[in-house]
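Colleague: Predicted model, plus sequence, below.
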Amino acid sequence: MKRLSFKSITLMCCMALSFGACQDIVTYNDNYDDEMASSGAPVIDAVYDSKDRDKLLPITDGNLEQMIVLDGSNLSRVRKVMFNDVELPVGEVYATAGSAYLPIPRQIPLEVNNKLYYETELGSTTYDFTVSVPLVQVDGLYNEFALPGTSVQLKGKYFDLYGFGGANSTSTVKMNGVELEVDSISDKYMSVVIPEDAQDNSVIEVSYMGAGSVAHTEKIPYRMTDAIIWNLSHPDDYGLWAGKELIINEAGDNEPEILYGPYFRVTGSYGAWNWTNLVCGGFNCPADVAAAPADYNFKFEVYSPTGHPFYDSAGYGYLIQLNNGNYPWNPSANGSFNTYGKWCTVSIDLQTVSGNAFSEGWTGLSFILQPNSDWNVDHSFANIRIEKKIR
C-alpha cells in the first residue's frame, strides 16, 4: 500500500477547506434596489424643511436659500428644477426615487406663479409652492451727515439681490434725480459716492423692481440741517448752563472732523454712579413737532475711537433728558457698539426719548453721564436734531 506523504495530506486538507469556504459565499439578490430607479413621471406628495428629519410638518412656502426635501416617487434622474421662473442648477439637487434634497435659489423671480417645477428623464410635474422674496431693507445712511464728495454706506439687507450698481440694472440710487455711483455692495450694506455739489436737506431715493416686476422706492434723508435744534456755535441762544467747555469749534489733529457745526466731546475717567452734567440747556420746540411728535425722530451723530467703544450701561450711562423725560441711551445693550473712528448716525423715535406731551416753545434738553461702573471714555456727539420721518 502506497503511503501518502505529509505534504500530500496537508494539500488535500487545504483543498477541502477551500471547497467548504466556497460553499459559504453569499450570492447577493440580483434585484437589489439602490433607491435610484424610477418607473414613471415624478410625483411630489409633500415638501419639508430639511431640518424636519422626521417629516412631521409639511410646508407650502419657503425662503431664499432654505434647504428643503421633496417627498414622493419617481424623483431620481432629475433634469430640471424651477421655482417660479428661476432655474436651480441640477448639480445642487440630490435625488433618489423617493426624495430629493435641494435649496431654494437665491434669486429674484421676474414672473411669479408660485409653482415648483420638477422634471426627470421620465416626465415632469408641478407643485404649489410659494417662495417668500424679501424686499430691500433700507435702514438709512451710516452717517447722514457724510460730507459731499465722500463715500457713505447705506445700511440694510438684500442689496446684492437686486443688482444695484450693475451696468444694465433697473435698480438705482439717486439724489435729487441724479444717479449716485455704487462703489461696493454686499448683502447688508451698499456704499455710494455723495456728489461734490450735494446740497443739505436732500433726499436719496433707492428704487428697484421687486418680485413680479413690482416697482419699489425707499427714501433716505441727507444732511437735514433744517432740523438741528442746537447750533453750538451760539451756546447762549440755548441757555446752556453746563458743558460749554466740551464744545469743539475747530477740530485739532487728534479730534473728529467737523461735519456741519461744532460738536461736544466727552473724554476722561468717570467714577461709577457719579452724576455729571455734560451739556445742558434747551431749545424752542416748533409747533409742528408739538402737534405730532409721533411723526418725528430724535437724531444725532456719534464718534468713538477704536479703543473707546461704548459701555453696556443698562439703565444708566448716557442719559438724555428731553422734555422732562429721562432716556438711558445704551447702544451696547445687544453687543459692543463702536464707530471705529467714524461718525455714525443715531435715530430714536422722539416719543421713545420722551413720552411726555410736547408744547410749542421752550423745552429742556440735557445730556447727563452716570456710568454704572468706572468708565474711561472718548465719545463725541454732533448735530442734535428733531427730524420728521420720511414716509
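Modeller: That came through fine.
Colleague: Neighbouring strands of the helix or strand containing Thr217 in the sheet, and parallel or not?
Modeller: Using DSSP states H and E, Thr217 falls within strand 215-222. In the sheet, strand 215-222 lines up against strand 202-209 (antiparallel) (DSSP bridges).
Colleague: got the angle between the longest strand seen in the chain and strand 215-222?
Modeller: As assigned by DSSP state E, the longest strand anywhere in the chain is strand 375-388. Here the directions of strand 375-388 and strand 215-222 differ by 120 degrees (axes from the mean of the first three to the mean of the last three CA atoms, to 10 degrees).
Colleague: helices and strands around strand 375-388, which ones?
Modeller: Packing partners of strand 375-388 (3 or more CB pairs under 8 Å, 6 or more residues apart in numbering; DSSP states H and E): strand 263-270, strand 296-303, strand 361-370. Every C-beta, even on glycine, is put in place using the N, C-alpha and C of the backbone.
Colleague: what would these look like in JSON lines with mean pLDDT, distance to Pro328 and mean neighbour count?
Modeller: Formatted as JSON lines, the helices and strands packed on strand 375-388 follow (pLDDT from 0 to 100; distance: least, CB to CB, whole Å; neighbours: other CB atoms under 10 Å):
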{"stretch": "strand 263-270", "mean pLDDT": "98", "distance to Pro328": "15", "mean neighbour count": "17"}
{"stretch": "strand 296-303", "mean pLDDT": "98", "distance to Pro328": "14", "mean neighbour count": "22"}
{"stretch": "strand 361-370", "mean pLDDT": "98", "distance to Pro328": "9", "mean neighbour count": "18"}
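Colleague: of all those, which lies closest to Ile320?
Modeller: strand 361-370 (6.2 Å; CB to CB).
Colleague: Next, the angle from that closest one to strand 375-388.
Modeller: Using the same axes, to 10 degrees: strand 361-370 against strand 375-388 is 160 degrees.
Colleague: Output the contacting helices and strands for strand 361-370.
Modeller: Applying 3+ CB pairs under 8 Å, 6+ apart, one finds that strand 361-370 contacts strand 263-270, strand 276-285, strand 317-322, strand 375-388.
Colleague: Identify all contacting residues around it.
Modeller: With CB atoms under 8 Å, 6 or more residues apart in numbering as the test, strand 361-370 has contacts from 229-230, 238, 242-243, 264, 266, 270, 273-285, 316-324, 375, 377, 381, 384.
Colleague: Sort out which residues of the strand holding Thr217 are buried, please.
Modeller: Residues Glu218, Ile220, Pro221, Tyr222 are the ones in strand 215-222 that count as buried (16 or more other CB atoms under 10 Å).
Colleague: go on, stretch 280-288?
Modeller: Neighbour-count burial for stretch 280-288, counted by 16+ other CB under 10 Å, picks out Cys280, Gly281, Gly282, Phe283, Cys285, Pro286.
Colleague: If we ignore the residues flanking it in sequence, what's nearest the fifth one?
Modeller: When the adjacent residues along the chain are set aside, Cys285 lies closest to Thr363, with 4.2 Å between them (CB to CB, 6 or more residues apart in numbering).
Colleague: For stretch 363-377, give the distance from the opening residue to the closing one.
Modeller: Using CA to CA, to the nearest Å, the end-to-end distance of stretch 363-377 comes to 28 Å.
Colleague: Now find how far off-centre it is within its chain.
Modeller: 30 Å (CA atoms, centre = their mean, to the nearest Å).
Colleague: Quick check, Ser336 in contact with Thr306.
Modeller: No: under the criterion of CB atoms under 8 Å, Ser336 makes no contact with Thr306, lying 11.6 Å away.
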